[in-house]
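1. Have a look at this prediction, sequence included:
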Amino acid sequence: MMFTTHAMAGAAIGILSGNPILGFGLGVLSHHALDALPHFDVGSLYLEKGKGPSWAGVKYEEKSKFKVRRDWIMLFVDVLICGIIFLYLLFRLPINYWPLLIIGALGGLLTDIFDVSPFWKDKFRNTRLGKVWHKWHYLLHWPLPWRMWHIGIGIQVVVIAVSLFLIRKFLI
């Protein structure tokens, strides 16, 4: 899934939980639950074959990512969209909800921050925790091939819309 999707779902969970520790933990779990849905992400551009989740035995080509300018542009646009939505929410939410919003979003993003970041993913995956975490992350991941981008993006738009719908009652 894209950065924005994980962040918005985690933010909604953080606010709805009312507890920063619970919101963070559920945000982390939401990441894996969302990745188990068919979706489009940068990895979709690198799929050689296979249609289905890794847990069903589908194997994906593991090329090195973020070596192409297009990947960086996609990431920048995704983070920009997320930032705009977050700024809107921060301006509209009472300040006492800000920690819940931010901590929940960080929980939703934690897996990708450590396991997918091109800056340190290899070092992380070489640790004991990183090996286990990556195996779990990869097992639950269900990227769709590029030709099915409209389905993968559509599912994420629904997740973002539901997340914003759930947050809306806390806005002033």
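-> In hand now; what should we look at?
2. mind showing which ranges of this structure have poor pLDDT?
-> Low-confidence segments of the chain, defined by pLDDT under 70: 48-67.
3. got a list of contacts for the longest helix seen in it?
-> Ranked by residue count and defined by DSSP state H, the top helix of the chain is helix 69-92. Helix 69-92 has contacts (CB atoms under 8 Å, 6 or more residues apart in numbering) with 2-4, 7-8, 11, 42, 45, 65-66, 98, 101, 105, 160, 164, 167, 171-172. Any C-beta I mention is one placed from the backbone N, CA and C, and that applies to glycine too.
4. who's in contact with residue 156?
-> 1-2, 4-5, 39-40.
5. same thing but at 7 Å, please
-> Residue 156 makes contact with 1-2, 5, 39 under the criterion CB atoms under 7 Å, 6 or more residues apart in numbering.
6. tell me which residues in the host helix or strand of it are buried?
-> Element membership of residue 156, judged by DSSP states H and E, is helix 149-167. Residues of helix 149-167 classed as buried by neighbour count (16 or more other CB atoms under 10 Å): 152-153, 155-156, 159-160, 163-164, 166-167.
7. of all these, which two lie farthest apart?
-> 152 and 167 (23.1 Å; CB to CB).
8. Kindly confirm whether my reading is correct that residue 167 touches residue 14.
-> No: between residue 167 and residue 14 there is no contact under CB atoms under 7 Å: 9.6 Å.
9. Closest to residue 27 out of the buried residues of helix 149-167?
-> Looking across the buried residues of helix 149-167 and measuring by CB to CB, the closest to residue 27 is residue 163, at 11.2 Å.
10. what sits against that closest one?
-> 8-9, 11-12.
11. same thing but at 10 Å, please
-> Counting by CB atoms under 10 Å, 6 or more residues apart in numbering, residue 163 touches 4-5, 7-13, 15-16, 30, 85, 104-105, 108.
12. swap in residue 17?
-> For residue 17, counting by CB under 10 Å, 6+ apart, the contacting residues are 23-27, 100, 103-104, 107.
13. if we go to 7 Å?
-> Residues near residue 17 by CB under 7 Å, 6+ apart: 23, 26.
14. Now, of the contacts of helix 69-92, which are buried?
-> 2-4, 7-8, 11, 42, 45, 65-66, 101, 105, 160, 164, 167.
15. In strands, which of the residues you listed fall?
-> For the buried ones among the contacts of helix 69-92, not one is inside strands, with DSSP state E as the criterion.
16. Just those: which are in helices?
-> Short answer: the buried ones among the contacts of helix 69-92 in helices (DSSP H) are 3-4, 7-8, 11, 101, 105, 160, 164, 167.
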